[in-house]
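Colleague: Can you look at this prediction? I've put the sequence above it.
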Amino acid sequence: MVGGSPMQAVLMAPGVKDRKVMAFRRDALKDKDAVAALIRDMVAAAGGPRSAFHVLDLARVVDLHRGWRRSLPAVRPFYAVKCNPDGAMLAALAALGAGFDCASRAEIEAVLRLGVQPGSIVYANPCKPDAHLEYAAEIGVNLTTYDAEEEVAKVKRCHPRCELLLRIKAPDSGDAKVDLGLKYGANPEEVLPLLRAAQREGVTVAGVSFHVGSGASRADVYRGAIEAARAAFDAAAALGMPPMRILDIGGGFMAGPTFDEAAAVINRALERYFGDLPCVEVIGEPGRYFAETAFTLAARVIGKRVRGELREYWIDDGLYGSLNCILMDHYVPRPRPLAGARHGEETHASTVFGPTCDSLDTVVTGYQLPEMSVGDWLVFDDMGAYTTAAGSNFNGFATSDIKIYLAYSS
């Protein structure tokens, strides 16, 4: 970290320092109301935005990083780039000292452009294209994950200096937004054969990783996963393999009370199962935790139709744009008028459509909104996780055209 304070370090970071960053005050307002007030000022200003845009509150990222260090002091965060690869977001986290979880060559390149050292990157994709793995070898990203014997042979062929993290399947949390165990992670009976496969090939297994699922709210699942990781450590020791030195507890964290609960469980489990291995480096792969609440979307009403008591509105972002999170990430949209709702104001059952010609592009139905007009704005909170990262150019409406404005609150 550079600069006199974390916020100063972020403002001076590559990817941030050459961009306009708006300052705004929280004062007595709630965070979300303060951002809405900033957006009102932006759209009212001459030459202000006239189409959908995001606001990234960099101070929120700083606050979240401080909260992580306070609650999980022994766990270095490696931000999951896939969650939101916005350059300013990556730059802020790099300035704060975070590492990065990258899953492809493009993600690795994006992080390296910010001056991040290869040793602060984990190539956390258990199944990698040969060309991407060869690129990792060229630039010195020497840590990756695996959960299949075939991947060991690939690493030996394409990147023989690379060390491995054995990705194990975490216990079923039952309530994760996205259950990654359906696709990745070794079953308990596969751990020993996978360790032996690496031993035969002469590839070092540096540690163990797991992921309890994205957006998991049951904190106790971390205890079971850490216990299983210790069992894998012990299995490697019994085989006479070099001592493992890294435990990757993955992601799935959400900011708020559930994070505090998860952190308490993790800290107790680390003490119980790894307290006798003080040399083990513990890392995590938070994505949603940092990105979700730091971004706010403002979308403009571009069309309206009245059918009796029903109101139908079209906005200039939708399910093929950053609001793809409704389908892909189980996001529950709760749009609110930027102008605010007056006390006692009548509301109507409303449908909000995205801009494309596909009827699937429907944001909400039967949602109570006050009477709105073309040119008004709707605000969507907590729009940073798996939003712009997964958008498309369908029907000629490009997600990349939705500008991201930088701000920081005090």
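Modeller: Looks like it arrived, so ask away. Residues are numbered from 1 along each chain as shown.
Colleague: tell me how far the ends of stretch 398-410 are from each other?
Modeller: 33 Å (CA to CA, to the nearest Å).
Colleague: do stretch 154-166 as well
Modeller: Across stretch 154-166, first to last residue, CA to CA, it's 15 Å.
Colleague: Strands along the stretch 301-410 of the chain, start to end?
Modeller: For the stretch 301-410 of the chain, applying DSSP state E, counting those that start in this stretch gives strands covering 310-315, 336-337, 347-353, 362-370, 377-380, 403-409.
Colleague: what residue ranges in the stretch 301-410 of the chain score low on pLDDT?
Modeller: Low-confidence segments of the stretch 301-410 of the chain (pLDDT under 70): 341, 343.
Colleague: go with 90
Modeller: 339-345, 409-410 (pLDDT under 90).
Colleague: Now do the same contact list for the closest residue to residue 376 other than its chain neighbours.
Modeller: Sequence neighbours aside, residue 301 is the residue nearest to residue 376 in space, at 4.7 Å (criterion: CB to CB, 6 or more residues apart in numbering). Where you see a C-beta, it was placed from the backbone N, CA and C, and this is true even at glycine. By CB atoms under 8 Å, 6 or more residues apart in numbering, residue 301 lies in contact with 313, 314, 315, 372, 373, 374, 375, 376, 377, 378.
Colleague: May I ask which of those has the most neighbours?
Modeller: Top of the contacts of residue 301 by neighbour number is residue 315, holding 26 neighbours under the definition other CB atoms under 10 Å.
Colleague: That one is in contact with residue 299, isn't it?
Modeller: Yes - counting by CB atoms under 8 Å, residue 299 is a contact partner of residue 315 at 4.1 Å.
Colleague: what residues are shared contacts of these two?
Modeller: 52, 378.
Colleague: what's the angle from the lowest-mean-pLDDT helix or strand in the chain to strand 403-409?
Modeller: Lowest on mean pLDDT, DSSP states H and E among the helices and strands of the chain sits helix 31-44, with a mean of 93. Helix 31-44 and strand 403-409 are oriented at 130 degrees to each other (axes from the mean of the first three to the mean of the last three CA atoms, to 10 degrees).
Colleague: just how off-centre is helix 31-44 within its chain?
Modeller: 24 Å (CA atoms, centre = their mean, to the nearest Å).
Colleague: what's the burial count for residue 338?
Modeller: Residue 338: 21 neighbours (other CB under 10 Å).
Colleague: OK, contacts around the closest residue in space to it that isn't next to it in sequence?
Modeller: Closest residue to residue 338 apart from its sequence neighbours, by CB to CB, 6+ apart: residue 377 at 3.8 Å. Applying CB under 8 Å, 6+ apart to residue 377 gives the contacts 39, 43, 298, 299, 300, 301, 337, 338, 339.
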